[in-house]
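Chemist: I would like the atomic coordinates for the input below:
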Amino acid sequence: MRRRAVPLAVVLLTVAPAAAAPPTIEAAGGSLTVEIAWSERVDLDLFVTGPDGETVYFGNRRARDGIRMGAEAGCGEVSAEAPPFVETAVIPGAAAGRYRLSVDYIRDCGSKRVLTVPFTARLLDAGGRERGRTEASVGYRVLETIGWEFDLR
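Modeler: Got it, this is the predicted structure:
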């Protein structure tokens, strides 16, 4: 009887540490602005999902709950202006609940093919005061599905 070698598959599992709870920001009820800023000559797109689950972005500029896109910086603006480049979304009368910010690096605008772009995300109140902030990066054509998550109370 002849024995046959059977390939053995090895599966490695990596268990990531539990993610920290999103920060709670005391700012519900007022008008807020979500802002992303970056310095490379690329087109980053901002997506903001409100507590009701609807997402605003370049293809859905206004949500039923009033969240709307503000400033946008596509290749035209990025090519003509000096950094930092900024995109915003406005949250009028911000409802309490969880908000998610996502960022997509969709197009190079003369950066010489930078593959990963760092950005800063800030939450500003109506007076321009910073209520929250995070720094992250996004890869070329890789949607960062949750670049920042926070709860408003």
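Chemist: Tell me which stretches of the chain form helices.
Modeler: For the chain, applying DSSP state H gives helices covering 75-80.
Chemist: Least confident secondary structure element in it?
Modeler: Ranking every helix and strand in the chain by mean pLDDT, DSSP states H and E puts strand 144-152 at the bottom, with a mean of 81.
Chemist: What's opposite the residue most central in space within the chain in the beta bridge?
Modeler: Closest residue to the average C-alpha location of the chain: Ser102 at 2.6 Å, with C-alpha atoms, centre = their mean. Per DSSP bridges, the residues bridged to Ser102 are Phe47.
Chemist: Between the two ends of stretch 31-50, how far is it?
Modeler: Chord length of stretch 31-50, first to last residue, is 14 Å (C-alpha to C-alpha, to the nearest Å).
Chemist: Okay, buried residues for that stretch please.
Modeler: 32-38, 40-50 (16 or more other C-beta atoms under 10 Å). The C-beta positions use only the backbone N, C-alpha and C, and glycine is treated the same way.
Chemist: Mind checking which of those land in strands?
Modeler: 32-38, 42-49 (DSSP state E).
Chemist: Need the max-distance pair from these.
Modeler: Maximum pairwise distance in those, criterion C-beta to C-beta, is 25.8 Å, between Leu32 and Val42.
Chemist: correct me, but Asp125 touches Glu35?
Modeler: No. Assessed by C-beta atoms under 8 Å, Asp125 is found out of contact with Glu35, at 11.8 Å.
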